[in-house]
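Q: Let me see the structure of the following:
(2 chains)
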Amino acid sequence: MKRTLDQTTVPFTRFGESWQNVLRITSIRILVQAAMFALFLSFVLLTTFANLDRLPGLRHWASKFLEIDPFIALAAAITTHTVYKGLLWSLVILVPTLFLGRFFCNWMCPYGTLHQFVGWLFRRPARTPNPSGAQEPDPANRPAAPVRQPWWRAANEYRPAQRFKYYLLVGLLVAAACGSLQIGLLDPLCLLYRSLTGAVLPAAQQPFSRLLGSGRLHQGAWLIGFLLFVLVAMNLVYPRFFCRVLCPLGALLGVLARFAWWRIDRDPARCRGCDRCRLDCEGACDPHAELRRAECFVCFNCIEECPEGALRFAFFPPKEREVAGPDLARRQVVFAGLTGLLFYPFVRTTGRATRDFSSRVIRPPGAVEELELLERCVKCAQCVRVCPTNVIQPAWFEAGVEGLWTPVLNFRIGHCQLHCTACGYVCPTGAIQRVTVPHKLGLGEYVDQGPIRLGTAHIDVGRCLPYSAGIACQVCEEVCPTSPKAIRARYRMRRGRRGRGAESAERDDAPPVPTVDLGLCIGCGLCERECPVVGDRRAIYVTAEGETRSQEYPERDRNRAVRVPSQR
Amino acid sequence: MAEPRWTRRELLTRGAGAVLGGGAAVAGGYLLYDPKGDRGLPRWQPRLGLKNFFAQIDLPAGHPRLSVAVGPEHRTEELVRAAVGGLDPALGLRRFVQPGDVVLIKPNVGFDRPPHVGATTNPEVLRWIIRLCREAGAREILVTDNPIESPQACFSRSGIAAAVETEGAKVVLPAPAQFELVLLGQPQARSRAPGTAAAWPVLYRPLDRATKLIGVAPIKDHNLSSASMTLKNWYGLLGGRRHQLHQTIHEAISDLAALLSPTLVIADGTRVMLHNGPTGGRVSDVRPGGQLGRPVLVASVDPVACDAWCYQRLLGRDPAALDYLRLAEQKIQARVAAGERRFGQRDWLAYDRAGQVVTTTL
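A: The predicted structure is shown next:
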């Protein structure tokens, strides 16, 4: 290959000459990434009940960052055959990807930015700048398989492991087609939101709990935090491990990038084969050879690095210089699909979502019926974040394997506040519907259908103080927020020592005992939270029985233990 | 290549390092030595009492002790001025609040309820009390309560936060740093009944900062203690799982009645909750002025008499049958006998006979 002298001596400036750096495309990219990360973080920080109360407009914006996620929109469209409200915003990402490739991954994704930043912060100082590139092997006689390369170069080399994310994508989408939405486990936005809400922010608040109020508690926070830590720490051994190998959203965008009009293109006439373009290649997409468009994050680092000016972001560049689609083996795709296909009957065979439900799985007000919920919930934990009383918790395995990190109510930590419907407002997928306060309480036009019941309170007479110890208490009655109160003190008629006939005459001298009116109880859990019997099981506790969301689905054989009489 | 033999300097520095390090370890071990194992435990040391917010008030002997103002609710300002003014027609609130005072106002913000259902203190009444304090020259006005539900939501929904903020006073939210253990009742009563604790976390910081304390309580039916009035209102200063005290609720309320000696209490009878208390939730649970039928505000320097009056006149029940009033009277009188300057008697008719009950009708 012949090269003219002027092509080989394009000046290589890197953080050299001052103000021009500011205008470099990579500098602009870093600014955009920082702004997007800040935006995501501020959405997370702003999404609290107090802020929604103060700034009513915020409720329409709070979940915007999750709503632009095309993977959520697509998978939820597969499960529900609808695109829920704000999810139409995902077109903002989806359509440009069809023209530009995976720009989202390195320009917008806050999780990608976190990985890139941590990788940059801790990377090994193994670079030996070699501006002229003269000692590099000529591309013509470059060895086919280099024996040993410097770490940084090996690190950014395309590896077959990167196919794994496509198999994950296929498996998750097939499971979604069956009716089990599991994408939230690995979708980067859900994963990051959940990690910040469930582990990072409450942990950061802990040292200041005496001043700011006792921090929020989240069941299973250790696993959520540990997962974040491991995935981020992987960057020290495998740069952008999550983005390259695991991210199913990245895989989806990679598939879409096949149609992109623009891509990074290498001019072989100019390239001297110095491989410097792989130095900071984020996607490991082989810019030094045929570009793998499905892997390219459009970070522009390669263009920035190239001393020859051989790389550019080109409009419809020659077809032969690219690998258009992801490099997949058909058998493995089929196998991934089969895995997703088998996952569904196996988890549903447990019966956790239907007959063998756990009565402790109490869902937030406005939550749809369990099977519908499993089609919608993306485990993003926005509802967990916004809940003013901390009662909404990411589930452990009480709702089955499928229900991991879906929202459940823990009444030992909080209770469902009567006039609050914040969780439904921030839910991006409608797993918790946007109900209004009159709807929740069964007022006004909702008077006929009555309040939304989350479950029913039951009294453990073996532990309840008036029942078991004859001690006056009635705290559950005091705090019961319904009007008239669903918990009422009653004097017990006791079968007296004088025998059966005397029972109506003899009233127990013990204090009155609480009783629950099943027609009035809405399962808000305030009684359970406030019960002075504080053991691992309170003397009054709420179960999911009688919950409104299941009443309309009798055929699903769930939650019919308590037939709730009409309220009035 | 290092020098293979030890130099004197090396020998000395290394030797001295070992001696000093060893000495420090021995000294540290000796200083921190804890043969019994209880040195590292926190001390159970509750505060033994709260300051008497009434002691410094210069109230002549014959002055009214109980002042009732009756009038329509839209004339809240006049109602508040009349109720407080009844205690001292010349000075009004200036009798109780002097320039430079830090006034702590304790409303009832217990539940996440809108103001019209009467579960919380009427924010308009609170607004005018804050304004009167400001007129009297108070340097700082604090408003605090420890609600049962999320504090932010309760303060916001009840309209109290808005009233307090627009009047330039300050809400003190019940963060853990605001609480300290305070002895309720008598020390020897520590084990008198299950569920009764002698020391309990109390919203101590704002009480400590304040120089004057005003309780502003709505009058409500209460499922367990029969009525929530100005004395039950002090429950809102407790932290912890305070519902455990409910097992001996009359003892608990009367202990609080003895512990807290407010400058002034104001009973808010604008919306009296007659049933389904203390939460209510429907307008039908509430009646303006209760049995009296017209909105009422009662200001008093004797919380026990104030509660007895409200219990009888607003809720239509017999104060002689209310245990916590009897116990509160006993406990306060014991303190009066020990030399404390404060009032506490159930028999408001005795005040009436002495001409110390003033009624203003608008």
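
Q: Distance-wise, check whatever residue of the stretch 51-200 of chain A ends up closest to chain B relative to B:A162.
A: Here the residue of the stretch 51-200 of chain A nearest chain B is A:D53; by CB to the nearest CB that distance is 5.6 Å. The way it works is simple: take the backbone N, C-alpha and C, and place the C-beta from them, glycine included. The gap separating A:D53 from B:A162 is 11 Å, by CB to CB, to the nearest Å.

Q: Settle it for me: which of those two has more neighbours?
A: Set A:D53 next to B:A162 and count neighbours by other CB atoms under 10 Å in any protein chain shown: A:D53 wins out with 18 against 14.

Q: dump the residue contacts of the more buried one.
A: B:152-153, B:156 (CB atoms under 8 Å, 6 or more residues apart in numbering or on different chains).

Q: I'd assumed B:T359 was in a helix, is it?
A: No - assignment of B:T359 by DSSP: H, G, I helix; E, B strand; the rest coil gives strand, placing it outside any helix.

Q: That one - how many residues pack around it?
A: The burial count for B:T359: 15, using other CB under 10 Å.

Q: from memory it sits against B:P64, does it?
A: No - shown here, B:T359 and B:P64 do not form a contact pair, counting by CB atoms under 8 Å, at 9.9 Å.

Q: what residues do these two have in common as contacts?
A: With CB under 8 Å, 6+ apart as the test, B:T359 and B:P64 both reach B:G86.

Q: shared neighbours of A:D53 and B:A162, anything?
A: B:S156.

Q: the helices in the stretch 201-350 of chain A, which residues?
A: A:201-205, A:209-212, A:221-233, A:241, A:248-256, A:301-305, A:330-349 (DSSP state H, counting those that start in this stretch).

Q: Smallest distance to chain B belongs to which residue of the stretch 401-550 of chain A?
A: For the stretch 401-550 of chain A, CB to the nearest CB, closest residue to chain B: A:S483, 3.1 Å.

Q: Surely that residue is in contact with B:P278?
A: No - assessed by CB under 8 Å, A:S483 is found out of contact with B:P278, at 11.5 Å.

Q: Tell me, how many residues neighbour A:V230?
A: Neighbour tally, A:V230, other CB under 10 Å: 11.

Q: Could you do A:R385 as well?
A: 27.

Q: For my notes, confirm it occurs in a helix.
A: Yes - remark: A:R385 belongs to a helix, assigned using three-state DSSP.

Q: how close does it get to A:A203?
A: 14 Å.

Q: For PyMOL, write the selection for the buried entries among the contacts of A:D53.
A: A single PyMOL command selects the buried members of those (16 or more other CB atoms under 10 Å in any protein chain shown):
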select buried, chain B and resi 152+153+156
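
Q: could I get the contacts of A:D53 as JSON lines with distance to chain A, secondary structure and pLDDT?
A: Conversion of the contacts of A:D53 to JSON lines gives the following (distance: CB to the nearest CB, whole Å; DSSP: H, G, I helix; E, B strand; the rest coil; pLDDT from 0 to 100):
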{"residue": "B:Q152", "distance to chain A": "5", "secondary structure": "helix", "pLDDT": "87"}
{"residue": "B:A153", "distance to chain A": "5", "secondary structure": "helix", "pLDDT": "88"}
{"residue": "B:S156", "distance to chain A": "6", "secondary structure": "helix", "pLDDT": "91"}
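
Q: Between the contacts of A:D53, which sits nearest A:A367?
A: A:A367 has its nearest neighbour among the contacts of A:D53 in B:A153, at 20.5 Å by CB to CB.

Q: so who does that closest one touch?
A: Contacts for B:A153 (CB under 8 Å, 6+ apart) come out as A:49, A:53, A:388, A:417, A:419-420, B:112.

Q: could you flag which of the residues you listed are buried?
A: A:49, A:53, A:388, A:417, A:420, B:112.

Q: Have a look at those and tell me the least confident one.
A: The lowest pLDDT within the buried ones among the contacts of B:A153 belongs to A:D53, with 81.

Q: In helices, which of the contacts of B:A153 appear?
A: With DSSP state H as the criterion, helices contain A:49, A:53 from among the contacts of B:A153.
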